[in-house]
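Q: below are the sequence and a predicted model; questions follow.
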Amino acid sequence: MSSNMKLKEFDNSFLKKGTELICGIDEAGRGPLAGPVVAAAVIFDANVKNDEINDSKKLSEKKRSLLFDWIIKNALSYGVGIVHHEEIDRINILNAALKAMKTAVENLSVKPDIILIDGNKKFDAAVECNAIVGGDRKSFAIASASILAKVTRDEIMKNYSCYYPEYGWHKNKGYPTKEHFEAIELYGVTPLHRKTFLKRIINKPE
């Protein structure tokens, strides 16, 4: 059995009487210096599968885009939550990620019976919530959510790059690359940067 088939088997292991709708949740954008953190929540019918679904980090940008369209078309319901840089600075990145996840669930058109979250943290929910470490490599629904979150956030950063082309966000998506740091040193911090992530640079003496 392929590892991709095992993702669906993992999800189906949670199915039981009264637990038929499984929601997978993942986020993208905890580590970048700029832009939002984006979470996605996805629910599929139990019989829906796709052997190409995988952790978004293991897929090419082109493959993620194709699978994004497939997920949107085949999901029973999906929701997205976005928390922007200002709020990340205000409540910290962990709380921002959890808030984005909770918002993604609230944006579902169907109420799940159980929630599977990538990672080791949970948020308060009206249904059973399970934190799954390495969930994007184990669960079909979480892997699908990781693709939705990643593609959505990448598109946001590509759009932002039109306004601030010097920072290369169309390529680095706001992550702390050498080129990104060099652009910050040369051009300064933009209104879209997370100030709490750049304290050393912002507070550096002249």
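A: Perfect, I can see it now.
Q: residues touching the residue lying closest to Lys173 once chain neighbours are set aside, list them.
A: Excluding the flanking residues, the one nearest Lys173 by Cβ to Cβ, 6 or more residues apart in numbering is Met157, at 4.4 Å. Every C-beta, even on glycine, is put in place using the N, C-alpha and C of the backbone. Counting by Cβ atoms under 8 Å, 6 or more residues apart in numbering, Met157 touches Pro32, Ala34, Gly35, Trp169, His170, Lys173, Gly174.
Q: make CSV out of the residues you listed and add neighbour count, pLDDT and distance to Leu116.
A: Converted to CSV, the contacts of Met157 look like this (neighbours: other Cβ atoms under 10 Å; pLDDT from 0 to 100; distance: Cβ to Cβ, whole Å):
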residue, neighbour count, pLDDT, distance to Leu116
Pro32, 25, 97, 25
Ala34, 26, 98, 29
Gly35, 25, 98, 26
Trp169, 28, 98, 31
His170, 14, 97, 32
Lys173, 24, 98, 25
Gly174, 27, 98, 27
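Q: secondary structure element holding the residue nearest to Lys173?
A: helix 140-163 (DSSP states H and E).
Q: format the CA atom coordinates belonging to that helix as CSV.
A: In CSV, the C-alpha atoms belonging to helix 140-163 read as follows (Å, rounded to 0.1, in the frame of the first residue of the first chain):
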residue,chain,number,x,y,z
PHE,A,140,-5.5,12.8,4.2
ALA,A,141,-7.7,15.6,5.6
ILE,A,142,-4.8,17.4,7.3
ALA,A,143,-2.5,17.0,4.2
SER,A,144,-5.3,18.5,2.1
ALA,A,145,-5.7,21.4,4.5
SER,A,146,-1.9,22.0,4.3
ILE,A,147,-2.2,22.4,0.6
LEU,A,148,-5.1,24.8,0.8
ALA,A,149,-3.4,26.9,3.4
LYS,A,150,0.0,26.9,1.6
VAL,A,151,-1.5,27.9,-1.8
THR,A,152,-3.7,30.5,-0.3
ARG,A,153,-0.9,32.1,1.6
ASP,A,154,1.5,31.9,-1.3
GLU,A,155,-1.0,33.8,-3.5
ILE,A,156,-1.3,36.5,-0.9
MET,A,157,2.4,37.0,-0.7
LYS,A,158,2.7,37.1,-4.5
ASN,A,159,0.1,39.8,-4.5
TYR,A,160,2.0,41.7,-1.8
SER,A,161,5.2,41.4,-3.9
CYS,A,162,3.6,43.6,-6.5
TYR,A,163,3.6,46.5,-4.0
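Q: fine by me, thanks again.
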